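Visitor: the following block contains a protein sequence and its predicted model.
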Amino acid sequence: MASGAAVTTTAGAREAGEGLGRLALRRFLADRVAVWSAAVVLAGLLLVLSSLAGLTATGWGDEVAVGHAPPHFLRETPERGAPEGRDADPAVRQSTGPAIGPASGPASGPASGPTGAARGPTPSDVVDPLEVEMRLIGALADPRGREAPTSTAVVDPIAQELAAAEKSVRPHRIIPPEERAQSLPFGADKWGRDVLEKTVKGAETSILVGLAAALLATLIGSALGAVSGWFGGWVDDLSNWVYNVFNAIPGILLILAIAAVLDTKGTLSVVVILGLTGWTGVYRLVRGEYLKHREREYVRAASAIGASHLRRILVHVLPNVSHVILVQFSLLTVASIKAEVILSFLGFGVPVDGVSWGTMLTEAQNDLLVGIWWQLAAATLAMGLFVTALSLFTDALRDALDPRLTH
Amino acid sequence: MTAYAVRRLWQMIPTMAGVILLVFFLFNWVGGDPAYVLAGLFSSQEQIASIRRELGLDEALHVQLLIFLRQVLSFDFGNSWTTSEPVSRIFATRLPASLTVVGPLLIIETIVGVVFAVALAWVRGTWVDRSVMVLFTMGMSVSILVFIILGQYLLAYRLGWFPVQGWGESFGTNALVYAPLPILLGLIVSIAPNTRLFRSFVIDEIDQDYVRTARAKGLSEARVLFVHVLRNALIPVITFVVSNLPGLLLGAFLLERFFGIPGIGREIILAVERSDFPVIKAATVYVALATMIFNLIGDLLYRVADPRIQLR
């Protein structure tokens, strides 16, 4: 008898849930802005996936062009700026140098300098700047017969760090200077890297960090909120206390304080920082929902047939509050992407060998002083497009999932 | 109301204790041994031992917590680890610069936000309202950094209307020469989020009975909005601004950094860069305290402005 009632209850609940989902989907699809923004968000996520799988932007770190190479649409004469720069006479290239930018890259280096000293130093020419000093030290040879230091025996104090850094750096393709392009579809940065590829790679970092941080914050907030609202009592008091503590410290200060104590600066620490500071809003809403739902009849019925606490929290109530969590996750992703950009800009985020929209803006600030604007434009456009679409998508999602809401 | 205020003050004590515990935990445990941070990469065992003794790190954990508690209560966090300047003096000397920028910015951005919000509520539902809201969403999607970088480049570096950066000695020069561009950029960045929030406050009021009554009397829509609705919508606006005051003071850290303004926000960024723990610890504890107090003031103001509100 009891089991029969349970079957009908869950079956009914599932049917109602599907109906609600279909209704929400229909409402969502009826909104043209929502569909367009969802398409843009989806395209962005696909780009991230393809970049993650190594299909696009694999060569973002390669020096494929001369430093600050302009975008194709800014080339002065198409023949001269053809991507096959090797056809160009070095003298011509030299003359185009200043037009490219005051800080022209290594391509127009000493090899074609006006003195004609095209020959670089060969190993036999290498001069040890400490040669004399080393010989003097050698002359002071220890009377006990210990070996005197030679120039090769000098211990390099940062050798270990250098070796570790070398190992951590991805092997880059070395492109000879004469093969570097004079212009690229959207220009190059100071080191001749393709701005378009950097933007795609930066999108991967920024969006993934945003998603991961939002996921962490949502998980913490939902778990704590569910337990707090469900059990009440001292569990609730304790969680509320933690919530009040985190809420008392302004978000940016908490982020900076955690950034200060975390020794390892990197992508993962950004996720941890933003996840640990962003959960409070989710907690407040999810706790309220669980408080409301635990007295509902369907939950009491589940309790009457002996469903455990865990089962009621996860199987019975969670689907009914999931729309709140979904919207909060989406909002948090927007906030995390923006926060990551600022953290990386300040140097507390993505390390120098990585790229994100934030590190691109850092470089763009210096580029702008010498009139190089394309990196700033690329990062701004990419971020503006994706975050706008995600914000509009979130708004539409909220409207579709909660028709009672008016704003 | 006094009883309410006293009870709220009492309730601050556990929260404040939590903030102190959190900061202690973060800086003494998560951050590793502060002595190593302070001594640097190349340091001898003796140096580290002496630093540990000086900071009281060789004591038991509860003694260390007591030392920290004494620091909090006596407003004495010792000296900065990098400049050896007393932490209290750092904050006292950096506050005026921050206030010179944030004070005018706060007043102007609130007024502009309210005017925009009421104007948008006037045309609510029309294409103007919708396109402005989409424009604001787009504006909010572009990083604050872009607005500051472009504003500084165009208005100061290229056009020369403002100094690129800097800060002077006298209040007059600072307020009239160096502060205007940061204030202008802060205003541009804040218009979109403020207007969106304030507009929702105005929309909340529009369905009230008194609005219908005012319209039934034959008042113009402008008078209804700018006199009747505005007065009521201002209550949550003021509460919002007052409650967020401490956070807003810090929020100008990017402006302070870009324009070389020696304010509190820039000081905290510098402290994070240099692992200057005393400065960050002091900032976190006192800003949290200030936030709680201003939250209470905001709630009390709400009650003064709207006697219907029952404070529990």
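Guide: Arrived safely, thanks for sending.
Visitor: what about the stretch 201-312 of chain B, any weak spots by pLDDT?
Guide: Applying pLDDT under 70 to the stretch 201-312 of chain B picks out residues B:310-312.
Visitor: what does it put close to chain A?
Guide: Contact residues (Cβ under 8 Å from any Cβ of the partner chain) of the stretch 201-312 of chain B with chain A: B:203, B:246-247, B:250-251, B:253-254, B:257, B:268-269, B:271-273, B:275, B:277, B:280, B:283-284, B:287-288, B:291-292. Just so you know, the C-beta spots here come from the backbone N, C-alpha and C atoms, and that holds for glycine as well.
Visitor: enumerate the residues of the stretch 151-300 of chain A near chain B.
Guide: Selection of the stretch 151-300 of chain A residues close to chain B by Cβ under 8 Å from any Cβ yields A:241-242, A:244-246, A:248-254, A:256-263.
Visitor: let me fix that, I meant to ask about the stretch 1-150 of chain A.
Guide: residue A:33.
Visitor: now the stretch 1-150 of chain A against chain B: closest residue?
Guide: Here the residue of the stretch 1-150 of chain A nearest chain B is residue A:33; by Cβ to the nearest Cβ that distance is 7.9 Å.
Visitor: per-domain residue ranges of chain B.
Guide: B:2-74, B:89-305 (automatic domain parsing).
Visitor: can you lay out those domains as TSV showing mean neighbour count?
Guide: Formatted as TSV, the domains of chain B follow (neighbours: other Cβ atoms under 10 Å in any protein chain shown):
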stretch	mean neighbour count
domain B:2-74	14
domain B:89-305	18
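Visitor: kindly reformat those domains as JSON lines containing distance to residue A:185.
Guide: JSON lines is the format used below for the domains of chain B (distance: least, Cβ to Cβ, whole Å):
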{"stretch": "domain B:2-74", "distance to residue A:185": "44"}
{"stretch": "domain B:89-305", "distance to residue A:185": "22"}
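Visitor: and the pLDDT for residue 118?
Guide: Since you didn't name a chain, this refers to chain A. Here the pLDDT value assigned to residue A:118 is 40.
Visitor: that answer is for a different chain, and I need it for chain B
Guide: The predicted local confidence for residue B:118 is 88.
Visitor: again, but for residue A:371
Guide: 77.
Visitor: look up how far residue B:112 lies from the residue in the stretch 151-300 of chain B that chain A sits nearest to.
Guide: Nearest residue of the stretch 151-300 of chain B to chain A (Cβ to the nearest Cβ) works out as residue B:247 at 3.8 Å. Distance from residue B:247 to residue B:112, counting by Cβ to Cβ, to the nearest Å: 19 Å.
Visitor: need the strands for the stretch 151-300 of chain B, in chain order.
Guide: Read by DSSP state E, counting those that start in this stretch, the stretch 151-300 of chain B holds no strands at all.
Visitor: need the helices for it, in chain order.
Guide: Under the criterion DSSP state H, counting those that start in this stretch, the stretch 151-300 of chain B contains helices at B:171-173, B:180-206, B:209-216, B:221-223, B:230-243, B:245-251, B:253-258, B:264-273, B:277-305.
Visitor: which residues does residue B:180 contact?
Guide: Residue B:180 makes contact with residue B:162, according to Cβ atoms under 8 Å, 6 or more residues apart in numbering or on different chains.
Visitor: from residue B:153, how far off is it?
Guide: From residue B:180 across to residue B:153, the span is 16 Å (Cβ to Cβ).
Visitor: swap in residue B:296?
Guide: Taken as Cβ to Cβ, the span from residue B:296 to residue B:153 is 42 Å.
Visitor: any idea which helix is longest in chain A?
Guide: Across chain A, the longest stretch assigned as helix under DSSP state H is helix A:195-231.
Visitor: now for the next helix or strand after that helix, which elements pack on it?
Guide: Heading C-terminal from helix A:195-231, the first helix or strand you meet, by DSSP states H and E, is helix A:233-248. If you count contacts as 3 or more Cβ pairs under 8 Å, 6 or more residues apart in numbering or on different chains; DSSP states H and E, helix A:233-248 packs onto helix A:195-231, helix A:280-293, helix B:2-25, helix B:277-305.
Visitor: residue A:389 is nearest to which of those?
Guide: Evaluated over the helices and strands packed on helix A:233-248, closeness to residue A:389 peaks at helix A:195-231, with 11.6 Å, by Cβ to Cβ.
Visitor: so what does the closest one touch, helix or strand wise?
Guide: Short answer (3+ Cβ pairs under 8 Å, 6+ apart): helix A:195-231 packs on helix A:32-52, helix A:233-248, helix A:267-277, helix A:280-293, helix A:318-346, helix A:357-369, helix A:374-401.
Visitor: report the angle between that helix and helix A:357-369.
Guide: Put simply, helix A:195-231 runs at 140 degrees to helix A:357-369, going by axes from the mean of the first three to the mean of the last three Cα atoms, to 10 degrees.
Visitor: which pLDDT value does the model give residue 66?
Guide: This is for chain A. For residue A:66, the pLDDT comes out at 72.
Visitor: not what I meant, chain B
Guide: 83.
Visitor: got a pLDDT number for residue A:246?
Guide: 91.
Visitor: what does residue A:280 give?
Guide: Note for residue A:280: predicted pLDDT of 91.
Visitor: go on, residue B:33?
Guide: Note for residue B:33: predicted pLDDT of 67.
Visitor: what's the answer for the one 5 residues further on, then?
Guide: As summarised for this prediction, residue B:38 has a pLDDT of 69.
Visitor: what's the separation between residue A:265 and residue A:339?
Guide: In terms of Cβ to Cβ, residue A:265 sits 15 Å off from residue A:339.
Visitor: with neighbour numbers in mind, choose between these two.
Guide: With neighbours defined as other Cβ atoms under 10 Å in any protein chain shown, residue A:265 and residue A:339 compare such that residue A:339 has more, 25 against 17.
Visitor: thought the more buried one was touching residue A:256?
Guide: No. Using Cβ atoms under 8 Å, residue A:339 makes no contact with residue A:256, being 11.1 Å away.
Visitor: who in the stretch 51-200 of chain B is up against chain A?
Guide: So far as Cβ under 8 Å from any Cβ goes, the stretch 51-200 of chain B lies against chain A at B:134, B:137-138, B:140-146, B:149-150, B:153, B:157, B:200.
Visitor: ok, residue B:210 - contacts?
Guide: residue B:228.
Visitor: and what of the one 5 residues further on?
Guide: Residues counted as contacts of residue B:215 (Cβ under 8 Å, 6+ apart) are B:221, B:224.
Visitor: please repeat the previous calculation with a cut-off of 6 Å.
Guide: residue B:224 (Cβ atoms under 6 Å, 6 or more residues apart in numbering or on different chains).
Visitor: tell me which helix or strand of chain A sits lowest on mean pLDDT?
Guide: Counting by mean pLDDT, DSSP states H and E, chain A has its least confident helix or strand at helix A:90-100, which shows a mean of 38.
Visitor: thinking residue A:206 is in contact with residue A:358, fair?
Guide: No. Residue A:206 is beyond contact range of residue A:358, at 7.1 Å (criterion: Cβ atoms under 6 Å).
Visitor: tell me the mean pLDDT over the longest helix of chain A?
Guide: Here helix A:195-231 scores 90 as its mean pLDDT.
Visitor: tilt between that helix and helix A:233-248?
Guide: Using the same axes, to 10 degrees: helix A:195-231 against helix A:233-248 is 150 degrees.
Visitor: helix A:195-231 vs helix A:267-277, what angle?
Guide: 30 degrees.
Visitor: buried residues, helix A:195-231. List them.
Guide: Neighbour-count burial for helix A:195-231, counted by 16 or more other Cβ atoms under 10 Å in any protein chain shown, picks out A:195-218, A:220-230.
Visitor: and the contacts of stretch B:163-176?
Guide: Contacts for stretch B:163-176 (Cβ under 6 Å, 6+ apart): B:100, B:156-157, B:178, B:259-262.
Visitor: switch the helices of the stretch 151-300 of chain B over to a markdown table; also include distance to residue B:27.
Guide: As requested, the helices of the stretch 151-300 of chain B are exported to a markdown table (distance: least, Cβ to Cβ, whole Å):
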| stretch | distance to residue B:27 |
| --- | --- |
| helix B:171-173 | 35 |
| helix B:180-206 | 31 |
| helix B:209-216 | 52 |
| helix B:221-223 | 55 |
| helix B:230-243 | 27 |
| helix B:245-251 | 18 |
| helix B:253-258 | 20 |
| helix B:264-273 | 12 |
| helix B:277-305 | 5 |
